[in-house]
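Student: let me see the structure of the following:
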Amino acid sequence: MLFQTIESYIQDAIRSFDSIPAERKKTLETISHFIQKKVDTGKTSELIYVCTHNSRRSHLGQIWGKTAASYYGLKNINTYSAGTEVTAFNPNAIKALEKAGFKVSKSEGEEKNPQYAVSYDDEKELPIICFSKTYEDTSIPKESLCAIMTCTEADGNCPFIPGTELRISCPYNDPKVFDGTAQQDEMYSERCKQIAIENLYIFSLMIHSKRK
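Tutor: Predicted coordinates for the structure are as follows:
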């Protein structure tokens, strides 16, 4: 069962589906169709969210993609995140996730680029392990991927991702530009909510498809 705070956050996010622009919905529907095809053929969906530094938007995509699939009861959905450079999972992004209701624990040892375990339910599902990595990392599958490019920089800087079946540009404004400002926390929370809304929309379409 999802943590109650996340459940409430999701209910609020779903009420915002109408705020998604029509053109953006077409992009999200393409991702949904990719997943639906995998489900229909009994295959696992491998989704990788990519941004340059794998520190903010791509991690939010990975976490909300997995959480949205769980919310709608969809199995065999794996989500990953990666970048073109290794940095670290950004503390402001982590703070926004904790505010949304996720429990985040930091591993001991590595300080420069630590691993974080991100939990969203009462231990029914294993925590999502997050750390900054490139798309060449051994933890990333090398076939049947849907590569969701979450920043325009990443889309332009990595022309080829091994094993990609579908590559789609789905950029988000970078909350990094507000680091150190009075708007910082608000803008990270705003980006967290936008990515939650759009991932929930992707998986909600599959539920509606089943009911037809």
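Student: and the helices in the protein?
Tutor: Taking DSSP state H as the criterion, the chain carries its helices at 4-14, 22-40, 57-71, 91-100, 152-157, 184-211.
Student: OK, contacts around the most centrally placed residue in the chain?
Tutor: The residue lying closest to the centre of the chain (CA atoms, centre = their mean) is residue 61, at 1.4 Å. Residue 61 makes contact with 49, 79, 81, 148, 150, 195, 199, according to CB atoms under 8 Å, 6 or more residues apart in numbering. C-betas here are computed from N, CA, C, even on glycine.
Student: ok, of those, which one's closest to residue 34?
Tutor: Ranked by distance to residue 34 (CB to CB), the contacts of residue 61 are led by residue 148 at 9.7 Å.
Student: the closest one and residue 48 touch, don't they?
Tutor: Yes: Residue 148 lies in contact with residue 48 (CB atoms under 8 Å); the separation is 6.9 Å.
Student: looking at those two, which is more packed in?
Tutor: Under the neighbour definition other CB atoms under 10 Å, residue 148 and residue 48 were set side by side, and residue 148 has more, 30 against 25.
Student: give me the low-pLDDT residue ranges for this structure?
Tutor: 154, 207-212 (pLDDT under 70).
Student: who are the neighbours in contact with the residue nearest to residue 53 when sequence neighbours are not counted?
Tutor: Setting aside the residues directly before and after it, residue 53 is nearest to residue 87 in space (CB to CB, 6 or more residues apart in numbering), at 4.2 Å. When contacts are counted by CB under 8 Å, 6+ apart, residue 87 touches 53, 54, 55, 113, 132.
Student: what's the closest non-adjacent residue to residue 128?
Tutor: residue 118 (4.4 Å).
Student: cool, residue 178 as well?
Tutor: Nearest non-adjacent residue to residue 178 (CB to CB, 6+ apart): residue 187, at 4.2 Å.
Student: burial count for that neighbour?
Tutor: By the criterion of other CB under 10 Å, residue 187 has 19 neighbours.
Student: could you do residue 62 as well?
Tutor: For residue 62, using other CB under 10 Å, the count is 28.
Student: so the nearest residue to it once chain neighbours are set aside bridges to which residues?
Tutor: Among residues not flanking residue 62 along the chain, residue 81 sits closest, at 3.8 Å (CB to CB, 6+ apart). Here residue 81 sits in beta bridges with residue 49, going by DSSP bridges.
Student: relative to residue 184, how far out is residue 81?
Tutor: 21 Å (CB to CB, to the nearest Å).
Student: give me the more crowded residue out of these two.
Tutor: Taking neighbours as other CB under 10 Å, residue 81 and residue 184 compare with residue 81 leading, 30 against 17.
Student: hmm, residue 47 and that one touching each other?
Tutor: No: here residue 81 lies out of contact with residue 47, judged by CB under 8 Å, at a distance of 9.5 Å.
Student: what do the two both touch?
Tutor: residue 62.
Student: residues contacting stretch 1-10, please?
Tutor: Residues from elsewhere that reach stretch 1-10 (CB under 8 Å, 6+ apart): 67-68, 70-71, 100-103, 119-122, 124, 196, 200.
Student: mind redoing it with 10 Å?
Tutor: 64, 67-68, 70-72, 97-103, 119-125, 192-193, 196-197, 200 (CB atoms under 10 Å, 6 or more residues apart in numbering).
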